[in-house]
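Asks: all I have is the shape, not the residue letters:
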Ligand SMILES: Cc1cc2nc3c(=O)[nH]c(=O)nc-3n(C[C@H](O)[C@H](O)[C@H](O)COP(=O)(O)OP(=O)(O)OC[C@H]3O[C@@H](n4cnc5c(N)ncnc54)[C@H](O)[C@@H]3O)c2cc1C
């Protein structure tokens, strides 16, 4: 039977949740092998074997929406193949520009699909995550946490004497881990793919989409740009002259500073702020928005500020930075809040105010590849750029900048480049974690976002002090907040502040992705004593007074 891919225009969706409902309905139609539904694009893409299009349309209509089949444009029927390297049935050659997580995912998948791949990396193989991002930050956070817990654990009789850790030793251990993981996860993996050739040089994109690499000209059938992003600082008076640390430099200091000012109270800034504070540095966090982690639920930002203040960090929010100066004793930062100007001093200054795409200086714009307002590559729902032969993925296409998004994007871009835009980039039900202590983990909509989308929601909030596991571990900081669509009872958002929130967020993620209701969550088995049981208890809180529940909350 013939395989076909149908594109449908969908009407009537009001949120990501509708997309999930339609996806489920489509997946039950006989012959449907894959269905992807995008709420922002109001589109569905359905792969079928021998299914009549009318049956697919009917399934959408029975789910309460309207659908019409879209004729595919000619260019989507077959992938544009070009370049001298195409011969016989072989896939066109692919150049992947940038050897980080997105680049590796793209290169490996293109190789798996039979393409000959040239991976061009101008810096350190592995890119941000392994070298200067996730891996070094999380291992240093863990080292700081172990030492903090040993000193502050609430169990009587198990407190150990506070030992000032040997900071250079911790940094050396971090460097050893980075080196080992870079070898194992990047160099060794590359060695297993003989049809991926690494060129260790900066690549330049030419107007005809050929590439100049180390004096050679490559003419790929497809180019996938995965050049990542770099730390970005806002235009603050005096900052350029004074200089400051980026996250990369802050994670590589050989000596621990006595004091540090951190401008920026989002994930990267806060994680580094707390780890230095736990190593003994006096830390001040300055955040322009009214709460910490401003992209998160506001109650979480407020509670987290209280917890880190209890540890001794100074946290100031809602202020505007006026000027930075550097003198003999370190940095002076002037900031104004409510008309009052204050001065903060620190031996070191970390500016952690976001990252911007690496898109300048290697020919992208000159080759007609359009960039967005923050310099990110503009892509369509297939991760295709304004030059159809060129795809882009990872941090270079802008927010959200997470390594699992980069890897997903790289894989999808390679698929679409070689298989003719067969997949849509879908970031609905995307979980995120801030690795402070307690951690922040969230997925889906906040109450405010739901309100802005016109969704009538109900909210349950369960303090961790009602979760038996948290009580047993004496780790009752934080709460679980679940947001449900009042009409359907389906979960549309989860926001957790808890010691291991990152380990708890996957259940709500799957619930949102697959349209599971809070009643179903409340009725499902959750092992006693686990933190995951907190999700069940929070789901029960929609309808019951959790204070009146007995042990094991049936
Ligand atoms: C401190 C920190 C902590 C983080 N923690 C987490 C975390 O816990 N979890 C998480 O999911 N994400 C985390 N992230 C984000 C994550 O690291 C990134 O989203 C991810 O690494 C991006 O991958 P990428 O492949 O898009 O880009 P990158 O990994 O940056 O790769 C891009 C590569 O392209 C190369 N390049 C650029 N221009 C050229 C050129 N012209 N020619 C050749 N090569 C070029 C660069 O040298 C680089 O190696 C963190 C980031 C930071 C900074």
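Replies: Everything's here; your move. Fair warning: this is a prediction, and the values are worked out from it, not measured in the lab. Numbers count the residues shown, from 1 in each chain.
Asks: how about the residues of the stretch 51-200 of the chain by the ligand?
Replies: 97-103, 120-123, 127-129, 133-134, 137-138 (CB under 6 Å from any ligand atom). C-betas here are computed from N, CA, C, even on glycine.
Asks: now, of the residues you listed, which are buried?
Replies: By neighbour count, with 16 or more other CB atoms under 10 Å, these hold 97-103, 120-123, 127-129, 133-134, 137 as buried.
Asks: restricted to strands, list those.
Replies: Among these, the ones falling in strands (DSSP state E) are 97, 120.
Asks: what comes up buried for stretch 25-41?
Replies: 25-26, 29, 31-32, 35-39, 41.
Asks: any chance of those in JSON lines, plus distance to residue 246?
Replies: Formatted as JSON lines, the buried residues of stretch 25-41 follow (distance: CB to CB, whole Å):
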{"residue": "25", "distance to residue 246": "47"}
{"residue": "26", "distance to residue 246": "45"}
{"residue": "29", "distance to residue 246": "51"}
{"residue": "31", "distance to residue 246": "52"}
{"residue": "32", "distance to residue 246": "48"}
{"residue": "35", "distance to residue 246": "43"}
{"residue": "36", "distance to residue 246": "37"}
{"residue": "37", "distance to residue 246": "39"}
{"residue": "38", "distance to residue 246": "35"}
{"residue": "39", "distance to residue 246": "36"}
{"residue": "41", "distance to residue 246": "35"}
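Asks: now, the buried ones among the residues of the stretch 51-200 of the chain next to the ligand that are in helices?
Replies: Among those, the members found in helices (DSSP state H) are 101-103, 127-129, 134, 137.
Asks: if we can go back for a sec, and which of the buried residues of stretch 25-41 is nearest to residue 282?
Replies: residue 39 (46.3 Å; CB to CB).
Asks: local confidence estimate at that closest one?
Replies: Per-residue confidence (pLDDT) for residue 39: 68.
Asks: just the one 10 residues further on next, same as before
Replies: At residue 49, the model reports a pLDDT of 83.
Asks: and the stretch 251-400 of the chain, which of its residues are near the ligand?
Replies: Close to the ligand, as judged by CB under 6 Å from any ligand atom, the stretch 251-400 of the chain has residues 268, 358, 362, 394-396.
Asks: taking these together, which two end up most distant?
Replies: 268 and 362 (25.1 Å).
Asks: excluding chain neighbours, what is closest to the most centrally placed residue in the chain?
Replies: In the chain, the centroid-proximal residue (CA atoms, centre = their mean) is residue 402; its distance is 2.8 Å. Of all residues not flanking residue 402 in the chain, residue 432 sits nearest, at 6.6 Å (CB to CB, 6 or more residues apart in numbering).
Asks: ok, that neighbour - how many residues close by?
Replies: As a burial measure, residue 432 scores 18 neighbours (other CB atoms under 10 Å).
Asks: which of the buried residues of stretch 25-41 fall in helices?
Replies: Per DSSP H, the buried residues of stretch 25-41 map to helices at 25-26.
Asks: dump the buried residues of stretch 25-41 to TSV, plus distance to the ligand.
Replies: Converted to TSV, those look like this (distance: CB to the nearest ligand atom, whole Å):
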residue	distance to the ligand
25	32
26	30
29	35
31	37
32	32
35	27
36	22
37	25
38	21
39	23
41	22
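Asks: farthest pair within the buried residues of stretch 25-41?
Replies: Across the buried residues of stretch 25-41 (CB to CB), the longest gap, 24.5 Å, separates 31 and 39.
Asks: can you give me the helices in the stretch 151-300 of the chain?
Replies: Secondary structure of the stretch 151-300 of the chain (DSSP state H, counting those that start in this stretch): helices at 167-182, 188-191, 239-242, 247-250, 267-279, 298-310.
Asks: just those: most buried one?
Replies: helix 267-279 (a mean of 24; mean count of other CB atoms under 10 Å).
Asks: relative to helix 298-310, how tilted is that helix?
Replies: Put simply, helix 267-279 runs at 20 degrees to helix 298-310, going by axes from the mean of the first three to the mean of the last three CA atoms, to 10 degrees.
Asks: show me the contact partners of helix 267-279.
Replies: 137, 140-141, 143-145, 147-148, 165, 167, 170, 247, 250-251, 256-257, 260, 262-263, 265, 283, 285, 287, 292-293, 304, 308, 311-313, 350, 352-353, 434-437 (CB atoms under 8 Å, 6 or more residues apart in numbering).
Asks: please check these and keep the buried ones.
Replies: Buried among those by 16+ other CB under 10 Å: 137, 140-141, 143-145, 147-148, 165, 167, 170, 247, 250-251, 256-257, 260, 262-263, 265, 283, 285, 287, 292-293, 304, 308, 313, 350, 352-353, 434-437.
Asks: mind listing which of these are in strands?
Replies: Using DSSP E, the buried ones among the contacts of helix 267-279 in strands are 260, 262-263, 283, 285, 287, 350, 434.
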